[in-house]
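[1] Provided below for reference: sequence and predicted model.
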Amino acid sequence: MSPIPKTPKTADPAQMDAFLDALMAEMTLPEKLGQLNLITTNIPVEEDKLAEIRAGRVGGMLGGLFPCTFGVNGPEGLRAVQAAAVQESRLGIPLLLAYDVIHGHQTVFPIPLALSCTWDTGHVETTARAAAREASASGLNWVFSPMVDIGRDPRWGRIAEGSGEDPYLGSQIAAAMIRGLQGTALSNSDSVMACVKHFVAYGAPEGGRDYNNADMSPARLWDVYLPPFQAAVAAGAGSAMMAFSAVNGVPSHADQDLLDKILPGVLKVSDFDGIPEMIAHGLGDEAGQIDAADPLQTLSERALRAGVQMDMMGKGFITRLEAALTAGRVTQAQIDAACRAVLEAKYKLGLFADPFARFDADRAARVILAPEHRRAARAVAAESCVLLKNDGDLLPLAKTGTIAVIGPLADDTRNVLGPWAFQGDPATAVSVLAGVQAAVGAGATVLHARGANITEDRRMLDLLNFAGPKVDLDPRSPQEMIAEAVEIARRSDVVIAVVGEAAEMSGESASRMDIGIPDGQRDLLKALHRTGTPVVLVTLNGRPLTLPWEAETLPAILVSWFGGCEAGNAVADLLFGDRVPSGRLTTSWPRHVGQVPLPYDRATTGRPGSADNDPGKYSTRCYLDGPSEPLFPFGFGLSTTRFSYGAVTVDREVVHGAGPLTVTVSVTNTGTRVGVETVQLYLTDPVASVVRPGKQLRGFRKIRLEPGQTEAVSFTLTTADLEFHDPALNRVWEPGRFLIGVGPHSSDLKTVSVTWLKD
């Protein structure tokens, strides 16, 4: 057969099926197995890998990371790779070209955890659309995003890549990400195929240790960890990536039951080397047996039978499945189904219609780091920041006097981009110092001192620089740096202290036992506080931090996360009142790492019990050495104005059948500045056949209010909001009394009671 002809860009399933039937009829077994083979490379591509592509033994290619120009700075490098597949292989089947586009491509947006703190799915979709436009203009057609793992342990480094601890909010963000990345049609040249990851419960590792296994009740799996994946699939996610970890004893690469139930019709790809890594789990085949001489043979077969359709760098599918077919341990139908899933993804992406549609140097020049993308990055970064404290209305600051900007991250353009920003260029990033200087102009004097190293731990320094130099060690002693900072602070009217984590202190393989600010930086903060000059703490971080001393002592705390390329301007906008802080936490912040996990929806218990036996409240007497409540609860965040809530009302006190029920509350801006409030609704089921969560988020609305303005905010509830999985994993709801709470965060709610009956 000569190279395949182009096909029309069509969504007609019958036409697609006819095309794929004809193509697969021409394919040899090695060519079918080649479609299941996903390899990694840099640009230019190594000659041995080009040979594999020409032989039809590669279905897709993933760019390397440390560092890599794969899909960066224009499409020409990737064009040559695609040309090798289309013009030099026997059948001319185009490649999937993939990259980890986690929070923007070359315009770097805030990390996903920060983005979730906007509580704005429109912003989520906008940033994903910008990332898709840039990535596709570079020739990429597949991105390994979004990560939708629920994260409830801040020790886990990859909490930075998700949307926090709540499945309701996480589901809405997952769907918005899919819409943004895939656009109105996958075949459009500015769309990319999303890959929802990591399936499943990767965010619940024991001890917060990355890659570790999870063990939980089936009901918790279905009620907490699976919903964002279901939402992504419902939104049309084209692919899904397996998790390295095992859940309840079964690695996802071998979990046929869950793959069949949750990911039908979705291209299922292994994580990097994920199939061989099942060897370390001690996994065998379904009967508990393994080929001791070649365990990869056994596990490659099991992964295919489970439904994994593409093998990322494991090399087991391409090297082991032909023998497995001959021996009868896998079937031709299983190989064909996997191959067809890969080809179908390529068809839907329009690659058979025009494999070079995404290689457009003119479009790349227009969209990469486009002004509108940078404007969006600045706005979203500002809305993702969370104001945790503002005693005495210290913020906003005046653009006058002398301002000290101090800290190891104050003049940083490398770490501000955050983890998983390998496509970003620090030269395009704005530091907090630069943002402050631009904001005040000639109206104020800005002084700067480093004050401390990010860390004094040389072993950690090596680990933090694994992907290129981001953290250095000042040759001066800590005492010398602090002395310089103190001298500057004493001459200033206010100190902006910029401290926290280096980028690689969060992210993959970046779990931490101590989630506080590193000791040297905390010593700096204490010295600055002793000067008597007011200190505004600005943190760069990828996870919740333990800040008990800071929260008790310092007058203002602004969490800026890793805000991306416009972070410095966004922080300055908030510090000086050009924008209003509106971010709200999507994770509970513990007082001490010994409290974790500490999700807001934890169930009540009989002992020690709460003071008034309210199922929505928790006792303070669990730990002998401190309270059990978080330092900052889920949903918390301040503004530079104040809001008051009226009574919560419902349109009926008894609801029959499916409903709906309308819940309304009036919110007033009682302060003197404009403000943005995120009104949150939580549901409590006080009595059920099984123990239920103390409360669950079931709605939220962002409103902007002028001083003195009041707005009535309404929510609609149906029986879908009451449902949960019973022990038999049936999705049910039970009639009875429910508490509905509305307020600014999960620990400050006004409630109303309703009775909901079956008919």
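    Received it, and whenever you're ready, just let me know what you need. Numbering: from 1, shown residues only.
[2] all contacts plus neighbour counts: C-alpha atoms, from now on.
    Noted.
[3] How many residues are close by P475?
    Per other CA atoms under 10 Å, the neighbour tally for P475 reads 9.
[4] Repeat that for E480.
    The number of residues packed near E480 is 13, by other CA under 10 Å.
[5] Secondary structure element for it, which one?
    helix 478-490 (DSSP states H and E).
[6] gap between that helix and the chain center?
    Put simply, helix 478-490 sits 37 Å off its chain's centre (CA atoms, centre = their mean, to the nearest Å).
[7] Same check on stretch 226-243?
    With CA atoms, centre = their mean, you get 13 Å for stretch 226-243.
[8] Give me the residues contacting that stretch.
    Applying CA atoms under 8 Å, 6 or more residues apart in numbering, the contact partners of stretch 226-243 are 144, 148-149, 167-168, 170-172, 174-175, 178-179, 182, 193-202, 251-253, 262-263, 266-271, 274, 345.
[9] Restricting to C-alpha, output that stretch in PDB.
    The C-alpha trace of stretch 226-243 is given here as PDB (Å, rounded to 0.1, in the frame of the first residue of the first chain):
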ATOM      1  CA  LEU A 226     -13.000   9.400  40.800                       C
ATOM      2  CA  PRO A 227     -15.500  12.300  40.200                       C
ATOM      3  CA  PRO A 228     -12.900  14.700  38.500                       C
ATOM      4  CA  PHE A 229     -12.000  11.900  36.000                       C
ATOM      5  CA  GLN A 230     -15.600  11.300  35.300                       C
ATOM      6  CA  ALA A 231     -16.200  15.000  34.700                       C
ATOM      7  CA  ALA A 232     -13.200  15.100  32.400                       C
ATOM      8  CA  VAL A 233     -14.500  12.100  30.400                       C
ATOM      9  CA  ALA A 234     -18.000  13.700  30.200                       C
ATOM     10  CA  ALA A 235     -16.400  16.800  28.900                       C
ATOM     11  CA  GLY A 236     -14.800  14.800  26.100                       C
ATOM     12  CA  ALA A 237     -11.200  14.100  27.200                       C
ATOM     13  CA  GLY A 238      -9.400  12.400  24.400                       C
ATOM     14  CA  SER A 239      -7.000  10.400  26.600                       C
ATOM     15  CA  ALA A 240      -6.100   9.400  30.100                       C
ATOM     16  CA  MET A 241      -2.800   8.500  31.800                       C
ATOM     17  CA  MET A 242      -2.300   5.800  34.300                       C
ATOM     18  CA  ALA A 243      -0.900   6.400  37.800                       C
END
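[10] Could I get the buried residue list for it?
    226-233, 235-243 (16 or more other CA atoms under 10 Å).
[11] now swap in stretch 478-486 and tell me
    If you call a residue buried by 16+ other CA under 10 Å, then stretch 478-486 has these buried ones: P478, M481, I482, A483, A485, V486.
[12] Could you do stretch 642-659 as well?
    Neighbour-count burial for stretch 642-659 flags R642, F643, Y645, V648, T649, V650, V655, G659 (criterion: 16+ other CA under 10 Å).
[13] ok, back up a step: show me what the helix holding E480 is in contact with.
    Contacts of helix 478-490 (CA under 8 Å, 6+ apart): 404, 406, 447-453, 495, 520, 524, 527-528, 531-533.
[14] the inter-axis angle of the next helix or strand after that helix versus helix 478-490?
    The helix or strand immediately downstream of helix 478-490 is strand 494-500, counting by DSSP H and E. If you take axes from the mean of the first three to the mean of the last three CA atoms, to 10 degrees, strand 494-500 sits at 150 degrees to helix 478-490.
[15] Give me the contact list for the helix or strand just after strand 494-500.
    Once strand 494-500 ends, the next helix or strand along the chain (criterion: DSSP H and E) is helix 519-530. Residues outside helix 519-530 that contact it (CA under 8 Å, 6+ apart) are 407-408, 451-456, 478, 482, 485-486, 489, 495, 497, 499-500, 535, 554.
[16] can you give me the strands in the stretch 151-300 of the chain?
    For the stretch 151-300 of the chain, strands defined by DSSP state E, counting those that start in this stretch occupy the ranges 195-199, 239-242, 246-247, 250-251, 267-269.
[17] Out of the ones you listed, the one nearest R543 is which?
    Nearest to R543 among those is strand 195-199; the distance by CA to CA comes to 18.3 Å.
[18] Grab the CA positions of that closest one and hand them over as PDB.
    Provided in PDB are the C-alpha atoms of strand 195-199 (Å, rounded to 0.1, in the frame of the first residue of the first chain):
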ATOM      1  CA  CYS A 195      -4.700  13.700  28.700                       C
ATOM      2  CA  VAL A 196      -6.400  13.600  32.100                       C
ATOM      3  CA  LYS A 197      -4.100  12.100  34.800                       C
ATOM      4  CA  HIS A 198      -3.200  10.300  36.900                       C
ATOM      5  CA  PHE A 199      -5.700   7.500  37.000                       C
END
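[19] List buried residues within the contacts of helix 519-530.
    407-408, 451-456, 478, 482, 485-486, 489, 495, 497, 499-500, 535, 554.
[20] Show me which of the contacts of stretch 226-243 are buried.
    Buried among those by 16+ other CA under 10 Å: 144, 148-149, 167-168, 170-172, 174-175, 178-179, 182, 193-202, 251-253, 263, 266-271, 274, 345.
[21] Out of these, list just those in helices.
    The helices, defined by DSSP state H, take in P167, Y168, G170, S171, Q172, A174, A175, I178, R179, Q182, A345 from those.
[22] out of those, who's nearest K32?
    Set against K32, the nearest of those by CA to CA is A345 (14.5 Å).
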